[in-house]
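Engineer: below is the structure, and that's it, no one-letter string:
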């Protein structure tokens, strides 16, 4: 099954609808998603950007919230702004890296729902603990793993890898042939690309009769 | 016929495919387009941004060119980068404001085709003169009008109006009810919105039988 990397940032508004949509859209196309949370703030910081562009430029921020509201309306998703915005995403991202595979995806979707659906502060351990418990995890154990050197290192390495790939925003999808697609609004295009390129690399069909 | 404002910047890559698509997509929906060129650089300058973000942030610039290439590929549009990028768009924008209605739209599409289809320098009067001649205008007269106070004032006023509307990027579409949509990738959404809101404000239908 071809895989597509889904790079996302827990503080990112557009990562919310993308996180909701990416698995069902991938399943429709026979693709598997690799969930890769990273710290966009660290990459922006290296670019010399020290706050969210949506805060630095008020007109851009006003538009973004309206645009995200239209997107959520169309998907039937609740939208409540967390305060402050952007949220500090370090703990959620480390916790995601302490989980694997589908568990990481399910946790990530639940974090986005808490943050942007209910406006909850995702930098609070008790908010994450409630999410973990709801998903059937032992919250203390997972949060302990999130604070351990391994999860910290995985997040640091993922963020460095994202920067090395040229990622500068979230969400970003990367197909197996290295093609990059930025934004919730490129999600279907990225997945369609992955399907077509996987077919290109598939076994040569025999002659038809 | 409901109208939609199409705000664009001649130096903007994403304004190129949008300018090609906006009239046929509007026609399909029974909408009329008002062509409103403005100087995005002036607005970005007021925001403290003194070069194209695609130049300031190389990763963002690399991605943009790849993304625009995919868009143009899908539309069968040629893409050749003008050098330098962004082009100085002042003369083209003043010239567009010296024309009216459909003539402004046709001229604008031809400028984008010259700039991004053929990589031509649109700050050169002879490039614009060739476009005007091809479209059946008297180039000297139109370029003289472009340099006259009235066209300069209209461009200045349009740019101030764009800033006042909260426009911070190009292309931007604004519907009659004031809804804003940024980007070539929001073009269909903007036009669909205009159709639905125009229906909302239309005469109340009589009882059906």
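Structural biologist: Ah, there it is. Quick caveat: nothing in here was measured; it's all calculated off a predicted structure.
Engineer: get me the contact residues on chain A for chain B.
Structural biologist: Residues of chain A found near chain B (CB under 8 Å from any CB of the partner chain) are A:47, A:57, A:59-60, A:62-63, A:66-67, A:70, A:166-169, A:180-182, A:185-186, A:189. (Each C-beta comes from the backbone N, C-alpha and C, glycine too.)
Engineer: now the buried members of those.
Structural biologist: A:57, A:59-60, A:63, A:67, A:70, A:166-169, A:180-182, A:185-186, A:189 (16 or more other CB atoms under 10 Å in any protein chain shown).
Engineer: show me these that map onto strands.
Structural biologist: A:180-182 (DSSP state E).
Engineer: burial measure for residue A:165, as a count.
Structural biologist: Under the neighbour criterion other CB atoms under 10 Å in any protein chain shown, residue A:165 is assigned a count of 17.
Engineer: now do the contacts for residue A:189.
Structural biologist: Contact analysis of residue A:189 by CB atoms under 8 Å, 6 or more residues apart in numbering or on different chains lists A:181, B:70.
Engineer: give the closest residue to residue A:180 in space, chain neighbours not counted.
Structural biologist: residue A:174 (5.4 Å; CB to CB, 6 or more residues apart in numbering or on different chains).
Engineer: which residues touch that neighbour?
Structural biologist: For residue A:174, the contacting residues are A:4-5, A:7, A:165, A:180-181, A:190, by CB under 8 Å, 6+ apart.
Engineer: in JSON lines, list these along with distance to residue A:135 and pLDDT.
Structural biologist: Shown next, in JSON lines, are those (distance: CB to CB, whole Å; pLDDT from 0 to 100):
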{"residue": "A:4", "distance to residue A:135": "23", "pLDDT": "98"}
{"residue": "A:5", "distance to residue A:135": "23", "pLDDT": "98"}
{"residue": "A:7", "distance to residue A:135": "22", "pLDDT": "98"}
{"residue": "A:165", "distance to residue A:135": "29", "pLDDT": "98"}
{"residue": "A:180", "distance to residue A:135": "30", "pLDDT": "98"}
{"residue": "A:181", "distance to residue A:135": "28", "pLDDT": "98"}
{"residue": "A:190", "distance to residue A:135": "27", "pLDDT": "98"}
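Engineer: what is the nearest of those residues to chain B?
Structural biologist: Closest approach to chain B among these (CB to the nearest CB): residue A:180, at 6.2 Å.
Engineer: so the closest one makes contact with residue B:66?
Structural biologist: Yes. Counting by CB atoms under 8 Å, residue A:180 does reach residue B:66; the two are 7.2 Å apart.
Engineer: okay, now residue A:153: neighbour count?
Structural biologist: 12.
Engineer: in a strand, it, correct?
Structural biologist: No. Counting by DSSP: H, G, I helix; E, B strand; the rest coil, one finds residue A:153 to be helix, located in no strand.
Engineer: pLDDT score for the residue lying closest to residue A:14 once chain neighbours are set aside?
Structural biologist: Once flanking residues are discounted, residue A:14 sits nearest to residue A:184: 4.5 Å by CB to CB, 6+ apart. According to the prediction, residue A:184 has pLDDT 98.
Engineer: run a quick neighbour tally on residue A:184.
Structural biologist: 24.
Engineer: thinking it is in contact with residue A:20, fair?
Structural biologist: No. Counting by CB under 8 Å, residue A:20 is not a contact partner of residue A:184; they are 9.5 Å apart.
Engineer: phi first, then psi, for residue A:174.
Structural biologist: When quoted as degrees, to the nearest 10, the phi and psi of residue A:174 stand at phi -130, psi 130.
Engineer: nope, residue A:134 is what I meant
Structural biologist: phi -60, psi -30.
Engineer: for it, give me its contacts.
Structural biologist: Here residue A:134 is in contact with residue A:110 (CB under 8 Å, 6+ apart).
Engineer: and the residue nearest to residue A:180, what's its pLDDT?
Structural biologist: pLDDT, residue A:174: 98.
Engineer: one more: residue A:200?
Structural biologist: 79.
Engineer: could you measure from it over to residue A:2?
Structural biologist: Going from residue A:200 to residue A:2 by CB to CB, to the nearest Å gives 11 Å.
Engineer: list the residues that contact both of those two?
Structural biologist: What both residue A:200 and residue A:2 touch, as defined by CB under 8 Å, 6+ apart, is an empty set.
Engineer: comparing these two, which residue is more hemmed in?
Structural biologist: residue A:2 (19 against 8).
Engineer: the more buried one contacts residue A:198, correct?
Structural biologist: Yes. Look at residue A:2 against residue A:198 with CB under 8 Å: they come within range, at 4.0 Å.
Engineer: before we move on, what SS does residue A:51 have?
Structural biologist: Going by three-state DSSP: residue A:51 is coil.
Engineer: spatially nearest residue to residue A:145, not counting backbone neighbours?
Structural biologist: residue A:98 (3.9 Å).
Engineer: noted, bye for now.
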